[in-house]
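# A structural model of the following input is requested.
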Amino acid sequence: MRVKYPIIAELAATLNIDLVFLSKHGDPYGRLWQSRMGSTAAIRRRQIEVADSPDGLGFARDWVSAKLTQQIEFLDELWHRRPQGDALFQRPIGTLKDCLARVSALTGMHAGPAYRLVGAKDLGVDKLPPIDKIVMEGDLAWSYHTGGHMATPTEWTAFLEFADRHFKDVKKKK
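Sure thing, here's the model as predicted:
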């Protein structure tokens, strides 16, 4: 096997970071790791540290989101290939989209206590906001919309308002 970017392999070995090769479907099919004594224990220790951190939640959220998105796309493709557009797929796709919205919301909703700890304002919600509703009350913002991955004009407007509000706050503090 030829590594296209050898600097990545060298850096990973130097920093004792495993390289995991994934298929286009996200399944692991190969792994490289530092073979020196103690590397496995160090890897396991680091995995435990990350699992209990916000990075661990982010990694798990992103991985589960990717898997759910793949399943939604697969079922959607099957649904559209059927000549009669079988309604059999509508319910499972809807269920997966609801799960995806809940998983995506883990960042904003569950980051609230950490933000409050450092004196910032969280989203101000206790449960998942409805789809297509933008929430940006505090120092965080959250949005999940129907209709694919592209941001909607409403989301761009909300993003610009949110960014403008925070840039003004930064200028005031200087």
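
# following the worst-scoring helix or strand of the chain on mean pLDDT, which helix or strand comes up?
Each helix and strand of the chain was given a mean pLDDT (mean pLDDT, DSSP states H and E); the minimum falls on helix 112-117 at a mean of 65. Per DSSP states H and E, the first helix or strand lying C-terminal to helix 112-117 is helix 153-173.

# Tell me which residues of that next one come out buried.
By 16 or more other CB atoms under 10 Å, the buried positions in helix 153-173 come out as 155, 158, 162. (Glycine included, C-beta is placed from N, CA and C.)

# so where's the chain shaky on pLDDT?
Applying pLDDT under 70 to the chain picks out residues 1-6, 35-40, 51-55, 85-86, 105-118, 126, 128, 147-149, 169-174.

# again, 90 this time
By pLDDT under 90, the low-scoring segments of the chain are 1-68, 75-174.

# tell me the domain ranges of it?
Here the domain assignment for the chain is 1-52, 53-173, based on automatic domain parsing.

# ranking these by burial, who's on top?
domain 53-173 (a mean of 13; mean count of other CB atoms under 10 Å).

# Which elements pack onto the host helix or strand of Ile7?
Assigned by DSSP H and E, Ile7 belongs to helix 6-14. Other helices and strands packing on helix 6-14, by 3 or more CB pairs under 8 Å, 6 or more residues apart in numbering; DSSP states H and E, are strand 19-22.

# quick one: strands adjacent to the strand it packs on?
Strand 19-22 pairs in its sheet with strand 28-32 (antiparallel), by DSSP bridges.
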